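Colleague: Okay, predicted coordinates and the sequence, questions at the end:
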Amino acid sequence: MDSSRTPGTNNSDSVSPATSVRTSLKSQQTTQNGASFRDVLRQSQDAVSSEPVTFSAHAQARLRSRNIQFTSDELTRLNTAVNKVAAKGGREALFLMKSAQGEQTGLLVSVKNRVVITAVDEKSLRENVFTNIDSAAIV
């Protein structure tokens with residue numbers, strides 16, 4: 001037995017099989033076009049977050065019936081908030097927004113699809129229970 005190699009010690013000139021497997025897996029973490037997984041993921045997230053939030057037909061009907069309107073500044077604030085919730089992994093969220101007139105509005109949003117599902121005015125907010133949400137944000 002070689003006296004320079006002691007069982008159970010770290011010998012810098014030896015490579016364990018686990019190390020060679022990890023090294024080989026790291027080299028395989030690129031896509032067919034040469035981009036790394038991290039780059040593809042980042043591009044995918046950037047593409048989603050650059051899309052503006054849209055309103056479902058149901059949400060549009062609720063907004064009309066409750067006479068709720070948003071300014072471009074309020075829509076920008078909503079988009080920013082949806083991006084923040086998406087970055088934290090939220091999928092279905094309740095956003096509470098205060099308008100320039102001081103009225104509170106609740107928006108139930110599919111963060112993944114970037115779609116407002118429904119809108120609730122201040123009076124109805126107090127009477128409702130919201131289920132199947134995993135996030136909430138005050139905008």
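Modeller: That came in fine, so what should we check first? Not measured: the values here are computed from a predicted model.

Colleague: in the protein, which spans are helices?
Modeller: According to DSSP state H, the chain carries its helices in the segments 17-27, 37-49, 57-65, 72-87, 122-125.

Colleague: list the buried ones in the shortest one?
Modeller: Right, helix 122-125. Buried residues in helix 122-125, defined by neighbour count with 16 or more other Cβ atoms under 10 Å: Glu122. Just so you know, the C-beta spots here come from the backbone N, C-alpha and C atoms, and that holds for glycine as well.

Colleague: Kindly report the same for the longest one.
Modeller: For helix 72-87, a neighbour-count test (16+ other Cβ under 10 Å) marks 74, 77-79, 81-86 as buried.

Colleague: Ok, the third one next?
Modeller: Judged by neighbour count (16+ other Cβ under 10 Å), helix 57-65 contains these buried residues: 59, 62-63.

Colleague: Redo those residues as JSON lines? Include pLDDT and distance to Val116.
Modeller: As requested, the buried residues of helix 57-65 are exported to JSON lines (pLDDT from 0 to 100; distance: Cβ to Cβ, whole Å):
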{"residue": "Ala59", "pLDDT": "97", "distance to Val116": "4"}
{"residue": "Arg62", "pLDDT": "95", "distance to Val116": "9"}
{"residue": "Leu63", "pLDDT": "94", "distance to Val116": "9"}
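
Colleague: Pop the domain breakdown of the protein in here.
Modeller: Following automatic domain parsing, one finds the domains of the chain at 17-46, 52-138.

Colleague: returning to that earlier point: which one among the buried residues of helix 72-87 gets closest to Leu94?
Modeller: Closest approach between the buried residues of helix 72-87 and Leu94, by Cβ to Cβ: Val85, at 9.9 Å.

Colleague: How about residues contacting stretch 92-111?
Modeller: 53, 59, 68, 70-71, 73-74, 77-78, 81-82, 85-86, 90-91, 115-122, 124-125, 128, 130, 132-139 (Cβ atoms under 8 Å, 6 or more residues apart in numbering).
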